[in-house]
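Give me a 3D structure for the following:
(chains A and B)
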Amino acid sequence: MNDTICAIATSQGIGAISIIRVSGDNAINIVNNIFKGKDLTKVETHTINYGHIIDGDTIIDEVLVSVMKAPRTFTVEDVVEINTHGGIAPTNKVLELLLEKGCRLAEPGEFTKRAFLNGRIDLLEAEAVMDMIDAKTENQRKMAINQIGGKTSSLINELRDDMVQIISNINVNIDYPEYDDVDVITNELLLPKISKLKNKINNILKESENGKIIKDGIKTSIIGKPNVGKSSLLNALLEEEKAIVTDIAGTTRDIVEGQIIVNGILLNIIDTAGIRETEDLIENIGVEKSLKIMKEADLILFMLNNNEELTEDIIKLLEEIKDKKYLILINKNDLESKLDRTKLQIEKDRIIDLSLKNNTGLDSLKDKITEMFKLNELQTKDPTYLSNSRSISVLKRCLNKVNDIEESIKNNLPIDMIELDIKSIWEDLGTINGSTYEEELLDEMFKRFCLGK
Amino acid sequence: MYEIIVVGGGHAGCEAAYVSAKKGHKTLLVTSNIKNIADMPCNPHIGGSAKGIVVREIDALGGIMGKIADKTHLQIKMLNSAKGPAVQSLRAQGDKITYQKEMLRTLNELNDLEIKEAMVEDLIVEENTVKGIILENGEKIESKIVILTTGTYLKSDILVGSTRTRQGPHGEKPSNHLSDKLKEYGFKVIRLKTGTPQRIDKKTIDFSKTRIEKGDDKYLTFSFDLEPQYKIEEQEPCYLTYTTEETHKIIRDNLTKSSMYGGLDDIEGIGPRYCPSIEDKVVRFKDKERHQLFIEPESRYYDEMYLQGFSTSMPTDIQEKMVHSLPGLENAVITKYGYAIEYDAIYPTQLKESLETKILSNLFTAGQINGTSGYEEAACQGLMAGINASLKLEEKNPLVLKRNEAYIGVLIDDLINKGIRDPYRLLTSRAEFRLLLRSDNADLRLRDYGYEVGLIDKTQKEKLDLKRENIKKCLDYLKNTKIKITEEIKELFLNNNYNIQITTMSLEQLLKRPEITIDFLEKIHTIPFAENIKEQANIQLKYEGYIKKSYKEAEKLLKLEKKKIPIDIDYNKIKNIASEARQKLNEVRPTTIAQAIRISGVNPSDISILSVYLKKEYGKDESK
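Numbers count the residues shown, from 1 in each chain, chains lettered A, B, ... in the order given. The predicted structure is shown next:
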């Protein structure tokens, strides 16, 4: 039913071996056509077979061919993997032969797409495979692996299982009202169960913040008056880490001026105004815009000049960031101190002295960030988080419903009505890993898999 | 030549025949024995959780089960009366003698209905269209439409201990060939099983060792048209007793003698999960020290009592021992032994939403032949089959009730989309919109349909419209009437940790509070409307939030119902659909995305792919 696709599965370039993966109804036949050795159509499933890839009479390469028959394969279709000797030329020649014999070149992510569509992996896992492809840090990679392994999914399933027990008990009470064979759940008995559920959801949400940090990095904005040294800070950070210094459209809508990795976590330096071109942020775009930038940031690095007096607008801006995660960087401490620190009214441990000119203070800045976001902990923990914003928003919706339930219990509403809320949470949770169908899921799939092409 | 032939005179057959004749179609009801018209071969209940709501729905649409039950029952009560309005449901103890008599009388009054005693063994079929029936003696009777409501009578076997006897309930003759013929016509036929407990001579039971269970002391009716036909104080009681450790020991020691546990090694039928035999209960719930048993009267006219919860297929000598181990039944005389029965049914995904079969045109099926269990489940299918057969004769579109409109809709939708594994019983939990599908509002939901199809007359319709109007008036009254907050109300609020400082409040505001009942409010201020009107207003106000949520959910479903799947779709052309889903989609051939979602074996990802395919192939046509 499905056409047969193929692609080079290993990274292109010179390596010891390359693997070409073929998947689809005709995978085995097509490979067999260009294979000299055993008849692949007759070999057992999940076997590795030695032989040669041939083009007519010409031997192209000496290969090992793995034959995996449906359904126990990654795509749930027949899959053949050809291990060729590395080297661009032979590998490409094999690929060309396959295309000639009727394979189609796979689109990016198409094997994953098939695995998902054939029910081999759920939506969370599929999303994770995509994340894996995009992973830049070790933590991102680890998290994706856990998600592919279904660990995150089982976290959700665990929650759902707890709820099914509550739901079925209430339903039995409704359908068999006169039977005393089953314990009757009352609102009083339900309340602690709901509190437990709430805690679990809260924990996942809290952990998921970490997940988001691992996946998306920390949105960091550098704020400060002209000439305070913002671009020097950016360049110093970037240079130090020898990181990517191009304008990259990040996972967020923001323009990422640069990315550095601190303790395995991406720091996305964001600034929509482009601080590298202009030093006049506050003056040019005004206090209001600065506020907006600060509001969207996960971390604000607020730079002050040791050599200048505090102005009113700075003090006003500082007032506004009290609820955010922020650090005050006082640059130019190599110059005379004109800044009156008593006026700052900020805890001491949020203040870091820098001299970008002398290249001092950067380490304590990074240490501080590590401490603030508990990055060391993130490093050592096994990351099983919900990392995409779709899942997190579903979970938040569930939390709201849990709060509704608590309210209903307090108001002593009939338990059979409260059960409706529990059921709807159960269904919502199912949309996270694709156990329940939702229209929005479709949109999600369109976004990720370009279906319908 | 008849317009409609109904085969079988059980609860499905009676409703189907009634509807068809009532609508003026020349109808023949064929039954193997007129004495068994509307027979209750198992328990004596009409109604029960969810089922009671179905009886109300049948009445709202113009069927007869509710009215016959109201006229004849021994006892009636509202189940779950302490819970919310959505799960309250009526249950009556029927009188097995008068129920049948009243049904037969009602059917005999219909001018266009004839009843005939005969055994049907085949159908007249031409070009995949049914043209009538063929009797055991070879006689052919022609009709435009045939409705099969054969109950448990297709190749039925009665199982007791290690004996298997080819017969139907009451030792009646079964139909030996009809199910084979159906197979030949291309139907997938399955084998199901159910069971029934012993009947006990009332005079030999020591009721002092049991607990009495009375009917409600409030007048109740299934029907929206009838006043109560009974006296509260004249209701017959039921009794509660329990199994003992000894009972369990007898069962465990003799387990292999039960037909279902090795007594017979050729059992194919799958029994209902929801109605396990006492053997099943003892085996599956080892830790339970005792199980409840209800001793229920079957009729005012004979002394047999039904032993609810003790269904078994043990040999008769063991049944004697089992029964005598029960408190109050030590010296009981068993008048009928319990048995299991195996019978043929057709796999219900072979049906359209109208209950016409997909395989043979003009053939409808209803009741246990479709794999359900229960009198109410059967009756409501009979009603719908009767309505849709008539509508087909009249060249009108079938009446299809949606899941957010009726339990009947839930039942039929489940049957034709999900298929069954064991006999299907309606449960409240099967209805996702149960807050909308209440016992109290069945008339408001469905009577208009009954009127449209011609089963509800003008007077009934006017009564309904008046009710709607009064509900509106009552709601307005509650909204506009403000009363002073008395000390009594304040205290009630305080008891619920709600300290109010306001001096006047509208009745509406007060009723919205969960702790304020309408009865309480009436002590302070009389509300000048009838009971059923006040009840509606109260429910609508008190549970407004939840009701709104349900409507919102229902809208989501309706949106998906609008996504039509073209009738000629070729599922083999859709890439990437899992093969199980492809097979199921081909089998059921859903007409909307909403329906496709409910097919078991079709996963969310398959639905997504199907939607994409529809968008791509059919573009905007999809939502036409």
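
Domain-wise, how is the chain divided?
Let's take chain A. A:5-117, A:151-211+A:386-449, A:214-380 (automatic domain parsing).

Correction: the question concerned chain B.
B:199-341, B:458-551, B:562-623.

Of those domains, which is nearest residue A:233?
domain B:562-623 (46.9 Å; CB to CB). In short, each C-beta sits where N, CA and C put it, glycine included.

Now the residue of the stretch 101-250 of chain B found nearest chain A: phi and psi?
Checking the stretch 101-250 of chain B residue by residue against chain A with CB to the nearest CB singles out residue B:213 as nearest, at 8.1 Å. Taking degrees, to the nearest 10, you get phi -130, psi 110 for the backbone angles of residue B:213.

That one and residue B:294 touch, don't they?
Yes: using CB atoms under 8 Å, residue B:213 is in contact with residue B:294, at 7.0 Å.

what about those two, which has more around it?
residue B:294 (22 against 16; other CB atoms under 10 Å in any protein chain shown).

follow-up on the earlier one: how far away is the residue of the stretch 101-250 of chain B closest to chain A from residue B:135?
Using CB to CB, to the nearest Å, residue B:213 is found at 45 Å from residue B:135.

same question, residue A:207
Residue A:207 is 72 Å from residue B:135, by CB to CB.

What of residue A:140?
76 Å.

Settle it for me: which of the two has more neighbours?
residue A:140 (22 against 15).

shared neighbours of residue B:213 and residue B:294, anything?
Contact criterion CB atoms under 8 Å, 6 or more residues apart in numbering or on different chains; residues bridging residue B:213 and residue B:294 by contacting each: B:238-240.

now the residues you listed in a markdown table, with distance to chain A?
Shown next, in a markdown table, are the shared contacts of residue B:213 and residue B:294 (distance: CB to the nearest CB, whole Å):
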| residue | distance to chain A |
| --- | --- |
| B:238 | 10 |
| B:239 | 13 |
| B:240 | 9 |
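
Counting neighbours, which of the residues you listed comes out on top?
That'd be residue B:238 among the shared contacts of residue B:213 and residue B:294, by other CB under 10 Å, with 25 neighbours.

who's in contact with that one?
B:75, B:93, B:212-213, B:294-297.

which ones among those residues are found in strands?
Using DSSP state E, the members of these that fall in strands are B:75, B:93, B:212-213, B:294-297.

the bottom helix or strand of chain A by mean pLDDT?
strand A:248-249 (a mean of 32; mean pLDDT, DSSP states H and E).

what's near enough to touch the residue of chain A most remote from its centre?
Distance from the C-alpha centroid of chain A peaks at residue A:178, with 50.2 Å (CA atoms, centre = their mean). Applying CB under 8 Å, 6+ apart, we find residue A:178 in contact with B:79, B:292, B:294.

What count of nearby residues applies to the residue of the stretch 1-150 of chain B found nearest chain A?
Chain A sits closest to residue B:84 of the stretch 1-150 of chain B, with a gap of 3.0 Å, by CB to the nearest CB. By the criterion of other CB under 10 Å, residue B:84 has 23 neighbours.

again, but for residue B:583
14.

repeat for residue A:292
13.

got it, and residue B:404?
When neighbours are counted by other CB under 10 Å, residue B:404 comes out with 21.

Out of the contacts of residue A:178, which one has the weakest pLDDT?
The member of the contacts of residue A:178 with the lowest pLDDT is residue B:292, and it reads 90.

now that residue: how far from residue B:210?
11 Å.

Tell me the residues that contact both of those two, please.
Common neighbours of residue B:292 and residue B:210 (CB under 8 Å, 6+ apart) are residue B:240.

So between those two, which is more surrounded?
Ranked by neighbour count (other CB under 10 Å), residue B:292 and residue B:210 place residue B:210 first, with 21 against 15.

Kindly state the pLDDT recorded for the more buried one?
96.

what does the one 4 residues further on give?
According to the prediction, residue B:214 has pLDDT 94.

Give me the neighbour count for it.
The burial count for residue B:214: 13, using other CB under 10 Å.

ok, it - contacts?
Contacts of residue B:214 (CB under 8 Å, 6+ apart): B:75, B:235, B:237.

And residue B:14, by the same measure?
B:29, B:37-38, B:64-65, B:103, B:107, B:379, B:382.

got the contact list for stretch B:258-269?
By CB under 8 Å, 6+ apart, the list of residues contacting stretch B:258-269 reads B:159-162, B:164, B:191-193, B:255-257, B:271, B:277, B:279-280, B:283, B:312-315, B:340, B:342-343.

List the ones among these that fall in helices.
B:279-280, B:283 (DSSP state H).

okay, and for the stretch 201-350 of chain A, where does confidence drop off?
Within the stretch 201-350 of chain A, the stretches with pLDDT under 70 are A:226, A:239-257, A:270-291.

how about the nearest residue to residue B:308, chain neighbours excluded?
In space, and not counting its chain neighbours, residue B:308 is closest to residue B:294: 3.9 Å by CB to CB, 6 or more residues apart in numbering or on different chains.
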